[in-house]
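# my questions concern the predicted model and sequence given below.
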Amino acid sequence: MGLMNAENTSLALGERVSAGQERGQSEALTTMRSSRRFAPQDDMNFEGNGKGTQKPINGNGLIASSSYSLIALKTKTAFTLAEVLITLGIIGIVAALTLPALIQKNTEKQTVVAVKKAYSEFSQAYSMVIQEYGSMGALVDKNKSLKFNAQTAYNEVTKYMKKVKSCNNGEKCMAEKYYSLNGVLNTDVGNDNNYNIQSGILADGTNFWILSSFRSNGVYNGQILVDVNGHKKPNRLGVDAFLFIVLENGRIVPNGVELSELNDWYSRGNYKECNMTSTNKYNGYGCTALLLKNENMDYLK
């Protein structure tokens, strides 16, 4: 009887210990669930490693190490083919709308820089000639041909410039044909007019010709036409070909400037025009002044 009571007592004691252990584990599990190291909404399971050590695993696949730090399993994502194609299509549309304007703007900037450079270089060269001769008229022999006088001025001016070629009779430094701003053929500018001008090519690829003479009323007639991209098209006045006027004192003036010394020149034709509507073959001569003043080519719009 006493032995049976002892056994019953031992059994009851074991059940209490077992129940206490279960309550302890439950409380520990509750504590772990509420910890910031685990997602509180997920159930926690334990996985053995085969060596008597268990690692808690929550429902999101977060595994706690023995120090209870979590390592998030990375989820790889990718775009679908349809999404990639749609994106490329949008990029293509945007490029088609914006690239032509950007290219035009860049071309305009390059043209402005080239015209300003030519303006500066010729101004400096003519200034040096004036220091030596006092007047451009001093280089003109009225008993000689227009070609002779153009060559004389050319030789003196280009002494102070970097040129790579001088074009003599039969050689073609300028483009074969030039056109007005809106596309009307101008036969007074290209190689066909070689009889009264002298042309050459500067080291930067700029083609140019020089005219130096006196008009019938005794007014000095000096001109420079520069083609900033050489023989390349479009060969249009005000687009890649620009006219400068040379005064007898050696001053270089962008054609189109309002100046009393140019009244005689302007009175001989529509040499100041720069617009997209005129059919005058000299339309574009006046763009030189606008380009240098505004530093853009908005007159093309």
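Okay, I see it.
# please count neighbours and contacts with C-alpha atoms only from this point.
Noted.
# doesn't Gly200 belong to a strand?
Yes. Judged by DSSP: H, G, I helix; E, B strand; the rest coil, Gly200 forms part of a strand.
# shouldn't it be in contact with Lys162?
No. Gly200 lies out of contact with Lys162 (CA atoms under 8 Å); the separation is 10.7 Å.
# the stretch 101-250 of the chain: helices as residue ranges?
146-158 (DSSP state H, counting those that start in this stretch).
# just the strands in it please.
Secondary structure of the stretch 101-250 of the chain by DSSP state E, counting those that start in this stretch: the strands cover 163-167, 178-179, 185-186, 198-202, 207-214, 220-227, 241-246.
# contacts for the last one, please.
Going back to what we said before, that points to strand 241-246. Contact with strand 241-246 is made by 115, 221-228, 235, 252-255, 284-288, as judged by CA atoms under 8 Å, 6 or more residues apart in numbering.
# helix or strand: which one has Leu85?
helix 81-133 (DSSP states H and E).
# other SSEs contacting that helix?
Applying 3 or more CA pairs under 8 Å, 6 or more residues apart in numbering; DSSP states H and E, we find helix 81-133 packed against helix 146-158, strand 252-254, helix 287-294.
# do that again at 7 Å, thanks
Helix 81-133 sits against helix 146-158, with contacts defined as 3 or more CA pairs under 7 Å, 6 or more residues apart in numbering; DSSP states H and E.
# what's the angle from the helix it packs on to helix 81-133?
Computed by axes from the mean of the first three to the mean of the last three CA atoms, to 10 degrees, the angle separating helix 146-158 from helix 81-133 equals 100 degrees.
# wait, what's in contact with Phe214?
Tyr220, Asn221 (CA atoms under 7 Å, 6 or more residues apart in numbering).
# do that again at 10 Å, thanks
Residues near Phe214 by CA atoms under 10 Å, 6 or more residues apart in numbering: Gly137, Val140, Asp141, Lys142, Leu146, Asn149, Tyr220, Asn221, Gly222, Glu248.
# surely the second one touches Asn149?
Right, the one you point to is Val140. Yes. Here Val140 lies in contact with Asn149, judged by CA atoms under 10 Å, at a distance of 5.5 Å.
# now list whatever residues contact both of those two.
Ser212, Ser213, Phe214.
# Lys301: neighbour count?
By other CA atoms under 10 Å, the residues close to Lys301 number 6.
# my guess is it meets Asn275, correct?
Yes. Using CA under 10 Å, Lys301 makes contact with Asn275 at a distance of 9.1 Å.
# from the chain's centroid, how far away is stretch 98-113?
Offset of stretch 98-113 from its chain centre (CA atoms, centre = their mean, to the nearest Å): 7 Å.
# what does stretch 262-281 give?
33 Å.
# for stretch 159-179, same thing?
30 Å.
# which residue ends up closest to the midpoint of the protein in space?
Asn106 (4.9 Å; CA atoms, centre = their mean).
# could you check how far that one is from Met297?
As judged by CA to CA, to the nearest Å, Asn106 and Met297 stand 11 Å apart.
# overlap in contacts of the two?
With CA under 10 Å, 6+ apart, Asn106 and Met297 have common neighbours Val112.
# picking up where we left off before, got the angle between the helix holding Leu85 and helix 287-294?
Going by the same axes, to 10 degrees, helix 81-133 makes 110 degrees with helix 287-294.
# what angle separates helix 81-133 from strand 220-227?
Using the same axes, to 10 degrees: helix 81-133 against strand 220-227 is 150 degrees.
# how far off centre is helix 81-133?
On CA atoms, centre = their mean, the centre of helix 81-133 falls 7 Å from that of its chain.
# pLDDT on it, on average?
Helix 81-133 carries an average pLDDT of 90.
# the chain should start at 8 in everything you say after this.
Happy to do that; since the first residue is 8 now, the last one works out to helix 88-140.
# what's the angle from that helix to strand 214-221?
Using the same axes, to 10 degrees: helix 88-140 against strand 214-221 is 30 degrees.
# re earlier: list buried residues within the contacts of Phe221.
Among the contacts of Phe221, those scoring as buried are Gly144, Val147, Leu153, Asn156, Tyr227, Asn228, Gly229, Glu255 (criterion: 16 or more other CA atoms under 10 Å).
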